[in-house]
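>>> model the following, please.
(2 chains)
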Amino acid sequence: GAVVSQHPSWVICKSGTSVKIECRSLDFQATTMFWYRQFPKQSLMLMATSNEGSKATYEQGVEKDKFLINHASLTLSTLTVTSAHPEDSSFYICSAQGGLAGGPYNEQFFGPGTRLTVL
Amino acid sequence: DAKTTQPTSMDCAEGRAANLPCNHSTISGNEYVYWYRQIHSQGPQYIIHGLKNNETNEMASLIITEDRKSSTLILPHATLRDTAVYYCIAQGGNFGNEKLTFGTGTRLTIIP
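Below is the predicted model of the structure:
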């Protein structure tokens, strides 16, 4: 199946700094990428949906000015956590989807996740 | 999006078939049933999806009842590496840019 990578796999930062997480589709073009957040012992919660070349659509309760999403190309989306605080510590996971419904690489492929720890 | 209900946890002996049930009694006609699993500290892995016919691939089989109100994911010969949280999702569109809404899933533990 298709491969999605994330970088970095883990990051520790000081409170108040910004952190950028990259999500790449390695062998297919992703028209849509999704960003999820997962707290310990909880399920994945969708944060935003990002389509290449357009603004991301954020889920209710997710601050768009705090979680900046850029989907500048069909293989790369970035999530920047601005002015991170300890409560932003979480496991951030992206997924990528490409092609037409029912076509190849139509299912969502998930990245391995990025564990963010804010001190 | 149809709500799904899954048992919180299940155990299965290694080498046996693992049968994971999912209830989606409010599923609508155009909503598919997707199954993903998440091994600890990794991203979810796609397993299988279907609309109304039973489906099989190299990983698993998906059995959907005729009324589509429930389904069962079958791992035919469970191994220790199948220990994971399994998510059943009922959602519209054949991955037509539809976001996936994850529930709490079933924590499957394979016992040696």
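
>>> number of nearby residues for residue B:19?
15 (other Cβ atoms under 10 Å in any protein chain shown). Where C-beta positions appear, they are placed from N, C-alpha and C, glycine not excepted.

>>> go on, the one 5 residues further on?
Residues contacting residue B:24 under the criterion other Cβ under 10 Å number 24.

>>> list the contacts of it.
The neighbourhood of residue B:24, defined by Cβ atoms under 8 Å, 6 or more residues apart in numbering or on different chains, consists of B:2-5, B:31, B:33, B:68-71, B:88, B:90.

>>> one more time with 10 Å
B:1-6, B:31, B:33, B:64-65, B:68-71, B:88-91 (Cβ atoms under 10 Å, 6 or more residues apart in numbering or on different chains).

>>> confirm that residue A:87 sits in a helix.
Yes: the assignment for residue A:87, made by DSSP: H, G, I helix; E, B strand; the rest coil, places it in a helix.

>>> tell me what the residue lying closest to it once chain neighbours are set aside is bridged to.
Closest residue to residue A:87 apart from its sequence neighbours, by Cβ to Cβ, 6 or more residues apart in numbering or on different chains: residue A:118 at 7.9 Å. Here residue A:118 sits in beta bridges with residue A:13, going by DSSP bridges.

>>> just the buried members of the contacts of residue B:24?
Among these, the ones that count as buried by 16 or more other Cβ atoms under 10 Å in any protein chain shown are B:1-2, B:4, B:6, B:31, B:33, B:64, B:68, B:70-71, B:88-91.

>>> ok so, going back, run a quick neighbour tally on the residue nearest to residue A:87.
Residue A:118 - counted by other Cβ under 10 Å - has 20 other residues nearby.

>>> do the same with residue A:54
Counted with other Cβ under 10 Å, residue A:54 comes out at 8.

>>> from residue A:57, how far off is the closest residue in space to it that isn't next to it in sequence?
Among residues not flanking residue A:54 along the chain, residue A:71 sits closest, at 7.6 Å (Cβ to Cβ, 6+ apart). Noted for residue A:71: a distance of 11 Å to residue A:57, by Cβ to Cβ, to the nearest Å.

>>> residue contacts, the residue nearest to the spatial centre of chain B?
By Cα atoms, centre = their mean, chain B has its centre lying nearest to residue B:35, at 3.4 Å. If a contact means Cβ under 10 Å, 6+ apart, then residue B:35 has B:20, B:22, B:45-50, B:55, B:59-60, B:62, B:71-73, B:86-89, B:105 as its contacts.

>>> which one's more surrounded, residue A:71 and residue A:57?
Shown here are residue A:71 and residue A:57; by other Cβ under 10 Å, residue A:71 has more neighbours (26 against 14).

>>> what pairs with the host helix or strand of the more buried one, and is each one parallel or antiparallel?
Per DSSP states H and E: residue A:71 is located in strand A:67-73. Take DSSP bridges as the rule and strand A:67-73 pairs in its sheet with strand A:76-81 (antiparallel).

>>> pLDDT averaged over the strand it pairs with - what is it?
Across strand A:76-81, the average pLDDT comes to 96.

>>> check which residues of it are buried.
A:76-79, A:81.

>>> check stretch A:30-42 too.
For stretch A:30-42, burial by neighbour count (16+ other Cβ under 10 Å) applies to A:30-38.

>>> and if you look at stretch A:111-119?
A:111, A:113-114, A:116, A:118.

>>> fine by me, we can end here.
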